[in-house]
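1. Next one to model:
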Amino acid sequence: MILKGVVLKILLVTDAWKPQMNGVVRTLTRTVEELISAGHEVEVIAPGDGYRTMPVPTYPDIRMAPFARKDVRKRMIGFRPHAVHIATEGPLGLAARKFCLKWRMPYTTSYHTKFPEYIKARFPFMPLGLMYKFVRNFHNKGQRMMVTTPSMVEFLKEKGFENPSAWGRGVDLEQFNPAKRLNPGDVYKNLPRPIFVNVGRIAVEKNIETFLELDLPGTKIVVGKGPQEEELKKKYPNTIFAGAKFGEELARYYADADVFVFPSLTDTFGLVIIEAMATGTPVAGFPISGPIDIIPGSNAGFVSDDLRQACLDCLKIDRAVPAEHARNYSWQKVSEKFINMLAPEDDDSCNNRWDRLQKKYS
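-> I've put the predicted structure just below:
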């Protein structure tokens with residue numbers, strides 16, 4: 001545990017960062033804000049730091065930086081961190097991991113999505129076992145693997161991961177709250193109710209088509225952008241595709257809906273679940289990691305293999321209940337847990353390493 005009042009220099013290496021907008025980026029950016037607010041010094045290495053990037057195959061909006069290894073080394077040595085956290089399994093994460101292992105620098109990692117299933121959804125020919133072998137090798141050599149929920153800890157232990165620990169997620173209760181509902185007006189004005197909404201990346205691994213195929217009353221809304229958008233627009237002309245929404249407008253799209261539908265089978269938490277709940281909107285999802293950690297016992301939504309029935313059951317929920325349940329998720333608590341799950345070195349060990357490496361590479 002990190003002693004209260006101890007100031008750390010923390011290096012975060014991530015292949016997912018702004019201008020991407022998704023749950024991973026929102027989690028990391030908010031955690032960094034909380035760490036800085038607590039007095040820690042944080043350096044972030046991300047693809048947008050002036051590196052030459054390449055689009056991810058089948059997803060051109062996301063870009064990777066596969067040629068940044070030397071600069072990653074330079075920045076790691078120049079920053080002289082007490083602790084290194086590697087958030088993603090992409091090129092930047094692989095580069096930082098290589099140097100940490102080479103220099104015997106302790107590091108932690110995090111696991112935000114079911115990466116093997118994510119790849120399998122996009123490239124069906126890829127063997128799932130091979131992908132899990134890659135991900136296990138990436139994470140098992142770190143001191144700790146931060147995952148989203150207790151159910152994911154158990155799931156990953158069964159897959160051979162050695163050091164997973166539950167981290168959690170938070171929600172901004174100022175941005176997402178029940179007072180935003182129908183205030184002012186209704187963002188879904190003139191659309192038949194009930195309103196069933198999904199928010200997120202419109203991509204095959206999000207399983208959005210399962211939601212769109214449901215026989216539900218009222219109107220289905222999809223908020224977001226992504227590579228599957230045009231295909232789904234043509235296939236489901238009665239669905240409203242509202243585009244990407246941010247800030248106050250995003251909060252209104254949650255708040256003015258009647259049910260939030262979370263069909264994903266690859267997410268490990270689903271930050272959008274607690275964002276929707278914070279506005280009072282109940283959530284329907286499948287009984288997988290994420291929904292089963294948040295919803296059962298809360299009376300704030302339903303999980304079921306019959307997603308249609310879960311959606312209909314949510315219409316009976318008192319909206320005050322999801323809003324109250326969301327108050328259990330605090331970004332301050334999330335960042336405090338993060339800092340105490342790091343593997344920092346003391347000043348002497350740190351200084352000895354970085355002094356040695358600065359001389360070697362100067």
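
2. Which strands and helices lie in contact with the lowest-mean-pLDDT helix or strand in the chain?
-> Ranked by mean pLDDT, DSSP states H and E, the weakest helix or strand in the chain is helix 115-122, scoring a mean of 76. For helix 115-122, the packing partners by 3 or more CB pairs under 8 Å, 6 or more residues apart in numbering; DSSP states H and E come out as helix 128-140. C-beta here means a position set from N, CA and C on the backbone, and glycine is covered the same way.

3. Just checking: what are the partner strands of the helix or strand that the helix it packs on is followed by?
-> Per DSSP states H and E, the first helix or strand lying C-terminal to helix 128-140 is strand 144-147. In the sheet, strand 144-147 lines up against strand 107-111 (parallel), strand 164-166 (parallel) (DSSP bridges).

4. Redo those strands as JSON lines? Include mean pLDDT, distance to H82 and mean neighbour count.
-> Shown next, in JSON lines, are the strands paired with strand 144-147 (pLDDT from 0 to 100; distance: least, CB to CB, whole Å; neighbours: other CB atoms under 10 Å):
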{"stretch": "strand 107-111", "mean pLDDT": "96", "distance to H82": "11", "mean neighbour count": "25"}
{"stretch": "strand 164-166", "mean pLDDT": "94", "distance to H82": "19", "mean neighbour count": "18"}
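
5. Let's have those in JSON lines, adding distance to D313.
-> Putting the strands paired with strand 144-147 into JSON lines (distance: least, CB to CB, whole Å) gives the following:
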{"stretch": "strand 107-111", "distance to D313": "31"}
{"stretch": "strand 164-166", "distance to D313": "28"}
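
6. May I see the buried residues of stretch 280-292?
-> For stretch 280-292, burial by neighbour count (16 or more other CB atoms under 10 Å) applies to G280, T281, P282, V283, A284, G285, F286, I288, S289, G290, P291, I292.

7. On the pLDDT front, check the closest residue to Q20 other than its chain neighbours for me.
-> Distances taken as CB to CB, 6 or more residues apart in numbering place I62 nearest to Q20, at 6.1 Å, with adjacent residues excluded. At I62, the model reports a pLDDT of 81.

8. So what are the sheet partners of the helix or strand harbouring I62 and their directions?
-> Secondary structure from DSSP H and E places I62 in strand 59-64. Strand pairing for strand 59-64, determined by DSSP bridges: strand 54-56 (antiparallel).

9. Distance from the chain centre to the strand it pairs with, please.
-> 20 Å (CA atoms, centre = their mean, to the nearest Å).

10. Contacts for that strand next, please.
-> Applying CB atoms under 8 Å, 6 or more residues apart in numbering, the contact partners of strand 54-56 are D61, I62, R63, M64, P66.

11. do that again at 6 Å, thanks
-> Contacts to strand 54-56, defined as CB atoms under 6 Å, 6 or more residues apart in numbering, come from residues I62, R63, M64.

12. Quick one: mean pLDDT for that strand?
-> For strand 54-56, mean pLDDT rounds to 87.

13. before we move on, what SS does V42 have?
-> strand (DSSP: H, G, I helix; E, B strand; the rest coil).

14. For it, give its distance to T268.
-> From V42 over to T268 the distance is 23 Å, taken as CB to CB, to the nearest Å.
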